[in-house]
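1. requesting a structural model of the entry that follows:
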Amino acid sequence: MTVWILFIAAIILFLALDLGVFNKTPHIIKSREAGIWTAIWVTLSFVFSGLIYWLYQHNYVNNPENYTPAIASMKFITGYLIELSLSVDNIFIIAVIFSSFKIPQKYQHRVLFWGILGAILFRGLMIFFGVILINKFSWMTYVFGLFLLFTAAKMLFKKEEEQFNPKKSFVYRNLRKVVPITMHMDGEHFFVKRRHITAATPLFVALVVIELMDVLFALDSVPAILAITPDPFLVFSSNIFAILGLRSMYFFLAHMLDKFKLLEYSLIAILTFVGIKMLFVHSFKFPEWASLGFIALALLVGIVASLYSSKKEE
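-> Model prediction:
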């Protein structure tokens, strides 16, 4: 329990420093700054995998699956890479939402900051109930496995013309019925007063849409990481590191998303692999190095193929 408290306290401390110190004044985050923060978060994640080894070696954290320190560390890295890869789809959607609601670049970080707070809460709840379901009903692994295969097939056969339009989404249409909405910006404020009524600005609308879309994405990502391990601490920590690094990765990739179109096939391959792994969990155990190797290779091939294809088109 002490490790959980310290981990959550560290997250809160960083988020407080992020908004109160590093990004106190709204500004446009350039690719160089975003690249540095992306590298920092990836480095911290791999450093934390070493801390995972130490924690499990000395039994400082509950170990319900009796993992060796090396296995626990590898499962954290595997889960982190899965969450990071699935975040790419999230980045595409975030870019569409910001563009649709015409959110100025200097205020995008603020929207994503509060979006991440909500994502941490919702992911935590989904992981908590997901672990309970898997531990209580062993057949739930088959349900999750089939769901991931269905998601992979849906992505593979998705029609090209199917484009997400935030202003036509169920969330936006119903939000207008609950709270007055103005399309006029007022700095970094989420709400403004208009003729004796309080109206939501495009920043708040974008925040709500992003939050609800993240919940939908979590329906894929949480089962995917539960295919790797049902250990709550490993699932939660790998999820959190991927979420915290999502903002910097968004600003780093926002201007070159077109160059990574083929990465979607990597996501399809990863979802298919973890889906199959869940279906065979009770009859065949995939070695940890095989899971980690496949996911890392799928990501690498997707990145290289995307860059090569983009260069060829240019």
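2. what residues of the host helix or strand of Gly130 count as buried?
-> Gly130 is part of helix 105-136 when elements are defined by DSSP states H and E. By neighbour count with 16 or more other CB atoms under 10 Å, helix 105-136 contains the buried residues 107-112, 114-116, 118-120, 122-124, 126-127, 130-131, 133-134. (C-beta placed from N, C-alpha, C; glycine too.)
3. residues near Ile28, how many?
-> Number of residues near Ile28 (other CB atoms under 10 Å) recorded here: 12.
4. this protein: helices as residue ranges?
-> For the chain, applying DSSP state H gives helices covering 2-17, 31-57, 69-100, 105-136, 140-156, 170-178, 202-226, 232-244, 246-253, 263-279, 288-313.
5. looking at those helices, which has the lowest confidence?
-> Across those, helix 170-178 has the smallest mean pLDDT, namely a mean of 76.
6. my guess is Asp214 contacts Leu117. True?
-> No. Here Asp214 lies out of contact with Leu117, judged by CB atoms under 8 Å, at a distance of 11.2 Å.
7. please look at Val3 and Tyr60 and confirm they touch.
-> Yes. Between Val3 and Tyr60 a contact is recorded at 5.7 Å, counting by CB under 8 Å.
8. looking at the helices of the chain, which is closest to Gly187?
-> Among these, the nearest to Gly187 by CB to CB is helix 105-136 (7.9 Å).
9. quick one: contacts for the closest residue to Phe98 other than its chain neighbours?
-> Nearest residue to Phe98, sequence neighbours excluded (CB to CB, 6 or more residues apart in numbering): Gln108, at 5.7 Å. Shown in contact with Gln108 (CB atoms under 8 Å, 6 or more residues apart in numbering): Ile29, Phe98, Phe251.
10. would you format those as CSV with neighbour count and distance to Ile225 included?
-> CSV is the format used below for those (neighbours: other CB atoms under 10 Å; distance: CB to CB, whole Å):
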residue, neighbour count, distance to Ile225
Ile29, 21, 28
Phe98, 22, 27
Phe251, 23, 25
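11. on that earlier part again, dump the helices of the chain into JSON lines; add distance to Arg195 as well.
-> Below are those laid out as JSON lines (distance: least, CB to CB, whole Å):
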{"stretch": "helix 2-17", "distance to Arg195": "35"}
{"stretch": "helix 31-57", "distance to Arg195": "39"}
{"stretch": "helix 69-100", "distance to Arg195": "26"}
{"stretch": "helix 105-136", "distance to Arg195": "24"}
{"stretch": "helix 140-156", "distance to Arg195": "45"}
{"stretch": "helix 170-178", "distance to Arg195": "17"}
{"stretch": "helix 202-226", "distance to Arg195": "18"}
{"stretch": "helix 232-244", "distance to Arg195": "38"}
{"stretch": "helix 246-253", "distance to Arg195": "35"}
{"stretch": "helix 263-279", "distance to Arg195": "46"}
{"stretch": "helix 288-313", "distance to Arg195": "49"}
